[in-house]
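Asks: this one's structure only:
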């Protein structure tokens, strides 16, 4: 139980938590602000995504509506682009930006963007690491360094997945920002709002990776594997 009262634990965890909360707040704030700004052309998020895909010659991706705020995602297995309620039917700058970003993942898939394939391959490893890696490390603090090391290897799978996710997300946003202007979906002036929404969203992925890294370092340090004291 000392994990919950260990001040050193807080020193490791709080920076990542603060970064995650700040990134989440910034994303919600940017989305809320630009969800109230209608694009001049008036395309909805679904229409914008469809136009981007059509322009790239992609005709086998389904665009569907999903529930939940900012639950937007692209599934490369089913070739389905799911857009949340606030994006699918909205013609706001924020909605078009988010939809274009998800369409960017479909474009990555179509051109065999290697980091996307690597990330997909790491999904099972990340699930295992997130479900039992932390528990094994925590128990290892009571039993043995070897047990902590095993848990750390499992938990490192989560970190690896998050690190690979960064170029995937950044590249999807870069593609989206360029193409929605090139194809006339938004104007150059409206691009500023899209940039702010997508840049804020990108920070959440950075924050997640930082938090996972700090958690991993804490257990390695506390177990003595990184020079700390058990």
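Replies: Ah, there it is. Just so we're clear, the structure is a prediction, and the values are computed from it rather than from any experiment. Numbers count the residues shown, from 1 in each chain.
Asks: do you know how far the residue sitting nearest the centre point of the chain is from residue 85?
Replies: In the chain, the C-alpha closest to the average C-alpha coordinate belongs to residue 205, at a distance of 4.5 Å (Cα atoms, centre = their mean). In this view, residue 205 and residue 85 are 23 Å apart by Cβ to Cβ, to the nearest Å. The C-beta positions use only the backbone N, C-alpha and C, and glycine is treated the same way.
Asks: same thing with residue 111?
Replies: 30 Å.
Asks: sec struct for residue 65, please.
Replies: strand (DSSP: H, G, I helix; E, B strand; the rest coil).
Asks: so it sits right up against residue 86, yeah?
Replies: No. Using Cβ atoms under 8 Å as the test, residue 65 is too far from residue 86 to be in contact (10.5 Å).
Asks: Which of the two has more residues huddled nearby?
Replies: residue 86 (20 against 13; other Cβ atoms under 10 Å).
Asks: any idea which element the more buried one lies in?
Replies: helix 85-88 (DSSP states H and E).
Asks: helices or strands next to the following helix or strand past that helix in the packing?
Replies: Following helix 85-88 in sequence order, the next helix or strand is helix 93-110 (DSSP H and E). Here helix 93-110 touches helix 7-34, helix 45-55, strand 73-75, strand 80-84, helix 85-88, helix 114-128, helix 145-182, helix 191-222, going by 3 or more Cβ pairs under 8 Å, 6 or more residues apart in numbering; DSSP states H and E.
Asks: contacts for the second one?
Replies: In other words, helix 45-55. 43, 59, 61, 63, 65, 81, 83, 87-91, 95-96, 98-100, 102-104, 106-107, 176, 179-180, 183, 185 (Cβ atoms under 8 Å, 6 or more residues apart in numbering).
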